[in-house]
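**Q** Just the structure for this:
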Amino acid sequence: MPETSFAMHPGSSPADAASPWIRRFTPLLRPGCSVLDVACGGGRHVHWFLQQGFEVVAVDRDAQAVAPLRGLARVVVADIENGPWPLPGERFGAVVVTNYLWRPLLPRLLDSLADGGVLLYETFAVGNETVGRPRSPDFLLRPGELLEAARGLRVVAYEDGFLDGPPRFVQRIAAMRDAPHPAEAAPARHPL
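**A** Alright, predicted model coming up:
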């Protein structure tokens, strides 16, 4: 499923089109960690994370869409729905997915999180078929599905509902794989 296109205004950069959800929870990431942007499309989040000082791995099946990202980020062209996972064994400080759903990939995404890593996921949910595309249940999360997929992670924030402008039904989550720490250590502070 292609990433939703966002209009660029004169004088703006692609990073300006980053999702407010992604922007809001970027402070959860460890400074300078590696970020995996799955089904990155034209790279609005690639640009956002680069601008924030992160290393980015951009994965998409559309070589033409990611061509402008070469030289800025590590670009991996792969069909993650019909081929093997292109990054076996690699772990990232963050895994970011927006406007994309391929259910068989969800466990692999969680496995790709390093200790202390952050999952930022936002995509369409059931109900969206009443307001626009996508309409197929294959691309719409069922109630609570994203929360269930993140079982075992520390959920920092989760939403499941309707957004205006453009109208859409979404689920989104910010969740972390806790890093091991000594029992006497102070609890981690996850900024909200």
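**Q** now for the top helix by length along the chain, which elements pack on it?
**A** Across the chain, the longest stretch assigned as helix under DSSP state H is helix 44-51. Other elements packing on helix 44-51 under the criterion 3 or more CB pairs under 8 Å, 6 or more residues apart in numbering; DSSP states H and E are helix 20-25, strand 34-38, strand 55-60, strand 92-98. C-beta coordinates here come from the backbone N, C-alpha and C atoms, glycine included.
**Q** tell me the angle that helix makes with strand 92-98.
**A** Orientation check (axes from the mean of the first three to the mean of the last three CA atoms, to 10 degrees): helix 44-51 against strand 92-98 gives 150 degrees.
**Q** and the longest strand along the chain, average pLDDT?
**A** Using DSSP state E to define each element, the chain has its longest strand at strand 113-124. Taken as a whole, strand 113-124 has an average pLDDT of 97.
**Q** got the CA coordinates for it in PDB?
**A** Output of strand 113-124 as PDB, limited to C-alpha atoms (Å, rounded to 0.1, in the frame of the first residue of the first chain):
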ATOM      1  CA  LEU A 113      13.700  -3.800  17.800                       C
ATOM      2  CA  ALA A 114      16.900  -3.500  19.800                       C
ATOM      3  CA  ASP A 115      16.700  -3.500  23.600                       C
ATOM      4  CA  GLY A 116      15.400   0.000  24.400                       C
ATOM      5  CA  GLY A 117      14.100   0.300  20.900                       C
ATOM      6  CA  VAL A 118      10.900   2.100  20.000                       C
ATOM      7  CA  LEU A 119       8.000   1.000  17.700                       C
ATOM      8  CA  LEU A 120       6.100   3.900  16.200                       C
ATOM      9  CA  TYR A 121       3.300   2.600  14.100                       C
ATOM     10  CA  GLU A 122       0.300   4.400  12.600                       C
ATOM     11  CA  THR A 123      -2.100   3.000   9.900                       C
ATOM     12  CA  PHE A 124      -5.700   2.700   8.800                       C
END
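**Q** Between helix 44-51 and that strand, find me the angle.
**A** Interaxial angle, strand 113-124 versus helix 44-51 (the same axes, to 10 degrees): 140 degrees.
**Q** on that earlier part again, switch the helices and strands packed on helix 44-51 over to CSV, and while doing so, append mean neighbour count to every line.
**A** Shown next, in CSV, are these (neighbours: other CB atoms under 10 Å):
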stretch, mean neighbour count
helix 20-25, 18
strand 34-38, 25
strand 55-60, 22
strand 92-98, 25
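**Q** In JSON lines: these, plus mean pLDDT and distance to Leu109.
**A** Shown next, in JSON lines, are the helices and strands packed on helix 44-51 (pLDDT from 0 to 100; distance: least, CB to CB, whole Å):
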{"stretch": "helix 20-25", "mean pLDDT": "96", "distance to Leu109": "15"}
{"stretch": "strand 34-38", "mean pLDDT": "98", "distance to Leu109": "7"}
{"stretch": "strand 55-60", "mean pLDDT": "98", "distance to Leu109": "11"}
{"stretch": "strand 92-98", "mean pLDDT": "98", "distance to Leu109": "5"}
